[in-house]
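Undergrad: sequence first, then the predicted structure:
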Amino acid sequence: MSRPVSPCEPKGVVADVSLVADDLMGVVAHFQGPLLRYVGRMLGHRDDETEDIVQETFIRLHKQVRKQGSDSIQHLSTWLFRVAHNRTLDVIRRRKRQKNKRPTIGMDQDNVQEQIANDMDALGEMLRKESRQVALEALAQLGPDIRQVILLKIIQGMSLRQVSEIMGVSLSTVNYRLNLGLTELAGRLKRAGVV
């Protein structure tokens, strides 16, 4: 069954979901980097846990295709990001529970800012180097749901529909969060004198 190729999917590698069964290594080679970056941003850093989540995502893909066939997955990139997104949320929830038990353990803010800095070029290469820190801080101050929409839409280049499916919210909610986030980000950058 042929389907349109999303901008996140390689032409010729995954033009048809049925190829997943035949070329799992090609799928892994194409999607591993984007999934690692996305999960790393959600967690605030990239470590073994990030790699475990991405590896588990590919294992689930393999099991899904073997168990229910390739027709059970309509949009491969959306399916992969959705599985990785849900698993990452599980890890974040677990960390919050552990943090509440042990208040001295928390996320390393330097790692969060470093990870965001690696991808800020996609948000605007016109920002001068000294203005970049202000932009990073403004992005980091956005709520997690709004920040995730911006990361998926702007950094990963996904469609609004894909973001909606990955986050499990309506298209109007994605539009609202994107507009709210961009407006809030622009306001913060204006107040800081960046734009």
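TA: Ah, there it is.

Undergrad: please compute how far the helix or strand containing residue 26 lies from its chain's middle.
TA: Following DSSP states H and E, one finds residue 26 within helix 24-43. With CA atoms, centre = their mean, to the nearest Å as the basis, helix 24-43 stands 9 Å off its chain's centre.

Undergrad: same deal with stretch 57-71?
TA: 21 Å.

Undergrad: on that earlier part again, following the helix holding residue 26, which helix or strand comes up?
TA: helix 48-68.

Undergrad: pretty sure residue 40 contacts residue 50?
TA: Yes: the pair residue 40 / residue 50 is scored as a contact, 4.9 Å apart, by CB atoms under 8 Å. Yep, even glycine has a C-beta here, placed from its N, CA and C like the rest.

Undergrad: let me know the angle separating the helix or strand where residue 165 lies from helix 24-43.
TA: Here residue 165 sits within helix 160-167, counting by DSSP H and E. Calculated by axes from the mean of the first three to the mean of the last three CA atoms, to 10 degrees, helix 160-167 forms an angle of 80 degrees with helix 24-43.

Undergrad: list the buried residues in helix 160-167.
TA: 162-167 (16 or more other CB atoms under 10 Å).

Undergrad: what's it packed up against?
TA: helix 76-101, helix 144-150, helix 171-191 (3 or more CB pairs under 8 Å, 6 or more residues apart in numbering; DSSP states H and E).

Undergrad: spit out the contact partners of the spatially closest residue to residue 146 that is not a sequence neighbour.
TA: Among residues not flanking residue 146 along the chain, residue 181 sits closest, at 3.9 Å (CB to CB, 6 or more residues apart in numbering). Residues in contact with residue 181 (CB atoms under 8 Å, 6 or more residues apart in numbering) are 142, 146-147, 149-150.
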